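Student: Have a look at this fold, sequence not included:
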């Protein structure tokens, strides 16, 4: 029996583990893929306080080491259900393993959102990608496009612009919601073309992507590209826990800044929580708040 089981080993979950341990609680962190979450895909993090520049992988390693040094236990397990046993809870994993907890913090993050285009799934891995860090090297000296308008899309375009001959940045609005420093840096890149007020309507090619049809300003335009990187936000990974939560229209956990859910002893933190800003700093802030709220709740029992 753990005091707190944290589901998700990204920045929110690992920060929650640190704060829970400092509150004197026993903690287990469950992560289904790799500790660190999506931040590990960022080659340079330049907006986290205390670091002028650090790779996402190094930052994730530091977060994991800190949590473990504080005494948190970690397991590579996929949590597939949460069973309520009176006041206590049992986290059921896909492997069949179970872990008992007095309180649970959901920090499950979000997975990349798709555009919903015909053949998108078929061409994923054959020209369509959701991770420029993972797949960008395959398109060195090639022509690619990035879809999105947030900071992650801007970072992807900058990264690809370092090695690709040409990068199109396709955004459905006429201005970007990402950091202006990134926008300014992109505008200085001679090999990056901004395609604004535009939407991708069709994927072209046979077994491999060869281009996209873009709707722009009432007309259409065909871009001959070898790779399409889709960075249009995420989908919260909360389906397994939906009966215990209140979800908004996009599937995010509708929890206030205190990170409490309608289920007693269940808290939520990070990118899976409904909020206006999803950044590394807001994820770790959620982790701290959720852990302290969980510790306070446990102490009140």
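Tutor: Received it, and whenever you're ready, just let me know what you need. Predicted model only: the values in this text are computed from it and were never measured.

Student: Can you check the pLDDT for residue 40?
Tutor: The model reports residue 40 with a pLDDT of 86.

Student: same check, this time on residue 37
Tutor: pLDDT for residue 37: 89.

Student: show me the contacts for it.
Tutor: Applying C-beta atoms under 8 Å, 6 or more residues apart in numbering, we find residue 37 in contact with 8, 9, 10, 11, 12, 13, 60, 109. Just so you know, the C-beta spots here come from the backbone N, C-alpha and C atoms, and that holds for glycine as well.

Student: I'd like these as TSV, with pLDDT and neighbour count appended.
Tutor: TSV is the format used below for these (pLDDT from 0 to 100; neighbours: other C-beta atoms under 10 Å):
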residue	pLDDT	neighbour count
8	97	29
9	97	28
10	96	31
11	97	31
12	97	35
13	98	34
60	96	25
109	91	28
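
Student: between those residues, which is closest to residue 70?
Tutor: Nearest to residue 70 among the contacts of residue 37, counting by C-beta to C-beta, is residue 13 at 13.4 Å.

Student: Is that closest one located within a helix, as I assumed?
Tutor: Yes - assessed by DSSP: H, G, I helix; E, B strand; the rest coil, residue 13 belongs to a helix.

Student: residue contacts, it?
Tutor: By C-beta under 8 Å, 6+ apart, residue 13 lies in contact with 6, 7, 29, 31, 37, 105, 107, 269, 270, 287.

Student: now the nearest residue to it once chain neighbours are set aside: how far from residue 255?
Tutor: Using C-beta to C-beta, 6 or more residues apart in numbering and skipping the chain neighbours, the partner closest in space to residue 13 is residue 107 (3.6 Å). Distance of residue 107 to residue 255, given as C-beta to C-beta, to the nearest Å: 12 Å.

Student: how about the strands of the stretch 51-200 of the chain, start to end?
Tutor: Remark: strands assigned in the stretch 51-200 of the chain by DSSP state E, counting those that start in this stretch are 73-76, 79-85, 88-93, 98-106, 110-112, 128-129, 143-147, 166-170, 192-195, 198-205.

Student: neighbouring strands for the longest one, and are they parallel or not?
Tutor: I take that to be strand 98-106. Paired strands of strand 98-106, with direction, are strand 2-7 (parallel), strand 88-93 (antiparallel), strand 266-268 (parallel) (DSSP bridges).

Student: Run the chain-centre distance for that strand.
Tutor: 22 Å (C-alpha atoms, centre = their mean, to the nearest Å).

Student: pLDDT averaged over that strand - what is it?
Tutor: Here strand 98-106 scores 97 as its mean pLDDT.

Student: relative to strand 79-85, how tilted is it?
Tutor: Going by axes from the mean of the first three to the mean of the last three C-alpha atoms, to 10 degrees, strand 98-106 is angled at 100 degrees with respect to strand 79-85.
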